[in-house]
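Predicted model, plus sequence, below.
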Amino acid sequence: MKKYLILTLFLSVSFTNAANIYVVQYLHQADIKIYVVNHKWQADLLVYVVHHNYEAKDKDELWHFVKYDFQADTKIFFVDKEFEADLKIFYVVHNYEAGWNEPNSFMNRIK
């Protein structure tokens with residue numbers, strides 16, 4: 001049941017329009033829980049941070065962090081433990097490196 005809830009949550013939040021990301025202070029405020037991994041191969045999503053929201057429009061892998069929660073498309077909370085996360089990310093240095101590592105493996109894991 002929890003896996004279906006996560007899938008529903010993830011699809012309703014849908015990173016397809018998640019250009020604007022806001023980091024919340026408390027877990028209950030978040031749309032999705034994020035864990036930052038140490039290596040590219042461990043991540044579900046390789047993320048590149050952009051300076052302007054128009055650069056990230058309709059891109060899962062390009063994130064623009066906003067200052068206020070009302071500006072956000074998605075609210076995230078960074079967890080301390082990998083098993084607590086809905087999504088594992090790795091920050092990349094260049095925008096061409098960004099993208100889903102293996103999109104099918106992520107969807108299979110939450111089913």
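Received the coordinates, thanks. Residues are numbered from 1 along each chain as shown.

what stretches of this structure score poorly on pLDDT?
Where the chain drops to pLDDT under 70, the residues are 1-18, 103-111.

Residue 78 against residue 34, yeah?
Yes. If you go by Cβ atoms under 8 Å, residue 78 and residue 34 touch, sitting 5.3 Å apart. In this view, the C-beta of every residue, glycine as well, is placed from N, C-alpha and C.

okay, these two: which has more neighbours?
Neighbours were counted for residue 78 and for residue 34 using other Cβ atoms under 10 Å; residue 34 has more, 21 against 15.

list the contacts for the more buried one?
Contacts for residue 34 (Cβ atoms under 8 Å, 6 or more residues apart in numbering) come out as 76, 77, 78, 79, 85, 86, 87, 88, 89.

Return the closest of the residues you listed with respect to residue 27.
Distance to residue 27, by Cβ to Cβ, is smallest for residue 77 among the contacts of residue 34, at 5.1 Å.

How many residues are close by that closest one?
Other residues near residue 77 come to 19 when the count uses other Cβ under 10 Å.

Please apply the same query to the one 4 residues further on.
In terms of burial, residue 81 registers 8 neighbours under the definition other Cβ under 10 Å.

pretty sure it contacts residue 37?
No. Contact criterion Cβ under 8 Å: residue 81 and residue 37 do not qualify, at 11.8 Å.

Just the helices from the protein, written as ranges.
In the chain, the helices defined using DSSP state H lie at 2-13, 103-110.

Spit out the contact partners of the closest residue to residue 77 other than its chain neighbours.
Leaving aside its sequence neighbours, residue 77 sits nearest to residue 30 (Cβ to Cβ, 6 or more residues apart in numbering; 3.6 Å). Contacts for residue 30 (Cβ under 8 Å, 6+ apart) come out as 24, 75, 76, 77.

Select from these the one having the most neighbours.
Counting by other Cβ under 10 Å, top hit in the contacts of residue 30: residue 76 with 23 neighbours.

From residue 70, how far off is that one?
As judged by Cβ to Cβ, to the nearest Å, residue 76 and residue 70 stand 15 Å apart.
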